[in-house]
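Q: Kindly return the folded structure for what I paste below:
(one chain, ligands or ions: 2)
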Amino acid sequence: MLAVVPPPVTVRVPSKINLHLSVGDLRPDGFHDLTTVFHALSLTDEVTVALAEEPGVEVYGEGEQVVPTGASNLAWRAVEALAAHVGKTDGAANVRVVLRKGIPVAGGMAGGSADAAGTLVALAALWKLDIGRDELAGIAAKLGSDVPFGLYGGTALGTGRGEQLVPVLSRHTFHWVLAFDQRGLSTERVYKELDRLRETGNPPRVGSHAPVVEALASGDPRQLALLLGNDLQAAAVSLRPGLRRTLRAGVNAGALAGTVSGSGPTCAFLCADAESALEVAAELAGAGVCRTVRVAHGPVPGARLVGGDEHRPTPPQVHA
Ligand SMILES: C[C@](O)(CO)[C@H](O)COP(=O)(O)OP(=O)(O)OC[C@H]1O[C@@H](n2ccc(N)nc2=O)[C@H](O)[C@@H]1O
Ligand SMILES: Nc1ncnc2c1ncn2[C@@H]1O[C@H](COP(=O)(O)OP(=O)(O)OP(=O)(O)O)[C@@H](O)[C@H]1O
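A: Ligands and ions are numbered 1, 2, ... in the order given. Presented below is the predicted three-dimensional model:
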């Protein structure tokens, strides 16, 4: 009898920005305690997994030249982690992962984490596992602090090292412009720079996250714009001083406010509405302060299966 080969499975998974990121002290395990408000954006990666004779990872799109395709790829680490979790004795041996990346690499938007989260969901479907998102989140947290959020998406309060999540009510669709920088920044390096700045001075610290949660519930982008804050911004700007100019240019182009996304160097600009976002994107693209500009909206759901025949609209994109 012929064995039936299951069809490939594709999952779309969002990027994130941190609307609020409060970084606590360095912990003995090398991580920092965080209080953060994650917000999932419509800028996505797609992960396809299939059974194949030649296992491995293929990468297309953003950063295809620099993203590793071997065992260090976070998507591959997710394959191995899920195989170990469910006791698959043949492990990851016959899985091929194809990544179509829209999220900038080392951009502070959790691109690698998104691929890991997407791989967990796709592989659970390919292997027909009876495993819920909460169980996947346990595996995700071991792969990286940002990985669990990629499973849930939406808007969420993150604590611990960012892996403990509680959903936050968000009534409105917010419109964003994203400015990608020429090169990425290492997350570890940015946290170390913050430690250094705190040893030698007093970089700004964001206050409580409560007003951000209230602004999200109100749905007023102008209220939210006043409250965006990120403790890592000073460190990212210290390592990449040109980001000051990018942040200024976005606001001069008409954004309500701008912030460095996570560990940077991507800058995220909140706009009044979809139309304003397109105008800001066009003007920012002409300002010569970044490599590429994208528009996106949020919140959007976490890692989701993409139907084979689903129409896939291309989001409006503006290239610098
Ligand atoms: C900057 C953020 O994107 C904000 O959401 C995240 O904190 C980074 O999450 P991530 O990229 O998943 O980071 P991980 O892969 O878990 O850790 C990479 C490195 O970042 C630093 N790190 C990360 C998370 C955290 N809470 N404290 C840290 O100090 C550590 O040096 C760690 O070795
Ligand atoms: N699937 C992947 N996609 C992108 N980078 C990957 C992947 N797997 C491993 N990497 C490595 O991880 C590094 C960080 O990539 P990533 O795009 O996740 O950074 P990031 O978005 O800044 O992360 P975060 O916002 O979670 O801090 C890259 O420089 C790359 O070498």
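Q: excluding its backbone neighbours, what's nearest residue 191?
A: residue 32 (6.1 Å; Cβ to Cβ, 6 or more residues apart in numbering). (C-beta placed from N, C-alpha, C; glycine too.)
Q: actually residue 213, sorry about that
A: residue 168 (5.6 Å).
Q: how about the helices in the protein?
A: For the chain, the helices defined by DSSP state H occupy 74-85, 111-126, 133-143, 147-152, 187-200, 210-218, 221-225, 233-239, 243-252, 274-285.
Q: Do I have it right that residue 218 meets residue 170?
A: No - using Cβ atoms under 8 Å, residue 218 is not in contact with residue 170; the gap is 10.0 Å.
Q: pLDDT at the residue nearest to residue 213, what is it?
A: What the model reports as pLDDT for residue 168 is 97.
Q: swap in residue 266?
A: Looking at residue 266, the pLDDT reads 98.
Q: That one: how many residues sit nearby?
A: 31 (other Cβ atoms under 10 Å).
Q: residue contacts, the residue nearest to it when sequence neighbours are not counted?
A: Nearest residue to residue 266, sequence neighbours excluded (Cβ to Cβ, 6+ apart): residue 107, at 4.2 Å. Contacts of residue 107 were listed using Cβ atoms under 8 Å, 6 or more residues apart in numbering, and they are 180-181, 184-185, 261, 264-266.
Q: Which of these are buried? Put it as a ChimeraX command.
A: To isolate the buried members of these in ChimeraX, using 16 or more other Cβ atoms under 10 Å:
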select :180,181,184,185,261,264,265,266
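Q: Also near ligand 2: which of the contacts of residue 107, exactly?
A: residue 184 (Cβ under 6 Å from any ligand atom).
Q: need the helices of the chain in TSV with mean pLDDT, distance to residue 64 and mean neighbour count, can you?
A: Formatted as TSV, the helices of the chain follow (pLDDT from 0 to 100; distance: least, Cβ to Cβ, whole Å; neighbours: other Cβ atoms under 10 Å):
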stretch	mean pLDDT	distance to residue 64	mean neighbour count
helix 74-85	97	13	22
helix 111-126	98	12	29
helix 133-143	97	21	18
helix 147-152	98	20	28
helix 187-200	97	20	16
helix 210-218	96	35	18
helix 221-225	98	34	19
helix 233-239	98	24	21
helix 243-252	98	24	19
helix 274-285	98	22	20
